[in-house]
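1. Turn this into a model:
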Amino acid sequence: QVQLVESGGGLVQAGDSLRLSCAASTRSFSMYNMGWFRRSPGKPRELVARITSTGATYYADFVKGRFTISRDNAKNTAYLQLNSLKPEDTAVYSCTAGLVLGTFPYWGQGTQVTVSS
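-> Numbers count the residues shown, from 1 in each chain. Here you go, the predicted model:
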């Protein structure tokens, strides 16, 4: 069982930046693929970005060039840097982890990001 704890959300203005962190409770963190999803009110949950155990990254089209996913295996932590935030980025952002690419059985509780115009 892997526990994930997100932090770093908050209320910001359009154009501002935030960095979300996801701390994992596993010593095998380097073996896990990590992902960030978000859910906005009235919308389905959507994949924002993911990073594999080898460091390969994928981004949803709506965040390319603005968000950056990264990981620090020494700290058992994944990050999501959010730049040039827009009001439509307002959502609960959740961290996920899994050993099989494309599957994320472990989830954090989420952190709220609110962007005002």
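2. Geometrically speaking, which residue is the centre of the chain?
-> residue 36 (2.9 Å; CA atoms, centre = their mean).
3. pretty sure it contacts residue 95?
-> Yes: Residue 36 sits in contact with residue 95 when judged by CB atoms under 8 Å, with a separation of 6.0 Å. Every residue, glycine included, has its C-beta placed from N, CA and C.
4. residues shared between the contacts of those two?
-> When contacts are counted by CB atoms under 8 Å, 6 or more residues apart in numbering, residue 36 and residue 95 have 20, 22, 78 as shared neighbours.
5. Skipping its backbone neighbours, what lies nearest the second one in space?
-> Closest residue to residue 22 in three dimensions, ignoring its sequence neighbours and counting by CB to CB, 6 or more residues apart in numbering: residue 95, at 3.4 Å.
6. if I look at residue 116, how far off is residue 20?
-> Residue 116 is 18 Å from residue 20, where distance means CB to CB, to the nearest Å.
7. same deal with residue 50?
-> Distance, residue 50 to residue 20, using CB to CB: 14 Å.
8. Can you pull the residues that touch both of those two?
-> Joint contacts of residue 50 and residue 20 (CB under 8 Å, 6+ apart) are residue 36.
9. With neighbour numbers in mind, choose between residue 116 and residue 20.
-> Taking neighbours as other CB atoms under 10 Å, residue 116 and residue 20 compare with residue 20 leading, 24 against 11.
10. list the contacts for that one?
-> Residue 20 touches 6-9, 36, 79-82, 93, 95, 111, 113, counting by CB under 8 Å, 6+ apart.
11. Nearest to residue 63 among the residues you listed?
-> Taking CB to CB as the measure, residue 63 lies nearest residue 82 of the contacts of residue 20, at 8.0 Å.
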